[in-house]
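1. Mind looking at a prediction? Sequence and model below.
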Amino acid sequence: MRDIEAAVAWYTRLFGFELIGNDISHIKRSEAPDDPIFSIYPASLHEVKVAHMATGNGVGFELFQFGAPTPSITPENAVTVPFETG
């Protein structure tokens, strides 16, 4: 996502979800090269912001904002997920 702070605010305002620890982690490879997050992404990722959130019944989920390099979404590489109601 492009703005993790806005996403956290949206989930909090709309659904009442809570930011665990009241903190969004900003992790930089130059400062924490052994952080586990860098073991699952390619070496080209230099920084990431991570927010851990929880629903009212205790289910947790994570939000990620990838920094350097900034990802770019184009019509060619965008993923479309079909959505139907019924």
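-> Looks like it came in fine.
2. my guess is D3 meets Q65, correct?
-> Yes - between D3 and Q65 there is a contact at 7.1 Å, judged by Cβ atoms under 8 Å. In this view, the C-beta of every residue, glycine as well, is placed from N, C-alpha and C.
3. How about the contacts made by the spatially most central residue of the chain?
-> Per Cα atoms, centre = their mean, the C-alpha nearest to the average position across the chain is that of F64, at 1.3 Å. If you count contacts by Cβ atoms under 8 Å, 6 or more residues apart in numbering, F64 has them with M1, I4, V48, K49, V50.
4. Show the backbone phi and psi for Y11.
-> With angles defined as degrees, to the nearest 10, Y11 sits at phi -60, psi -40.
5. Sorry, wrong one. I was asking about A9.
-> phi -60, psi -40.
6. just to revisit the earlier point, compare D3 and Q65 and say which is more crowded by neighbours.
-> Q65 (20 against 11; other Cβ atoms under 10 Å).
7. any weak-confidence spans in this protein?
-> 69, 71-73, 75, 77-86 (pLDDT under 70).
8. Strands along that one, start to end?
-> Using DSSP state E, the strands of the chain run over 18-28, 47-54, 60-66.
9. Relative to T74, how far out is T55?
-> 33 Å (Cβ to Cβ, to the nearest Å).
10. For the two, indicate the residue with more neighbours.
-> Of the pair T55 and T74, T55 is the one with more neighbours under other Cβ under 10 Å, namely 13 against 6.
11. Apart from its neighbours in sequence, what residue is nearest that one?
-> Closest residue in space to T55, ignoring its immediate chain neighbours: F17 at 5.6 Å, by Cβ to Cβ, 6 or more residues apart in numbering.
12. quick one: contacts for the one you found?
-> Neighbours of F17 in contact, by Cβ under 8 Å, 6+ apart: Y11, M53, A54, T55, G56.
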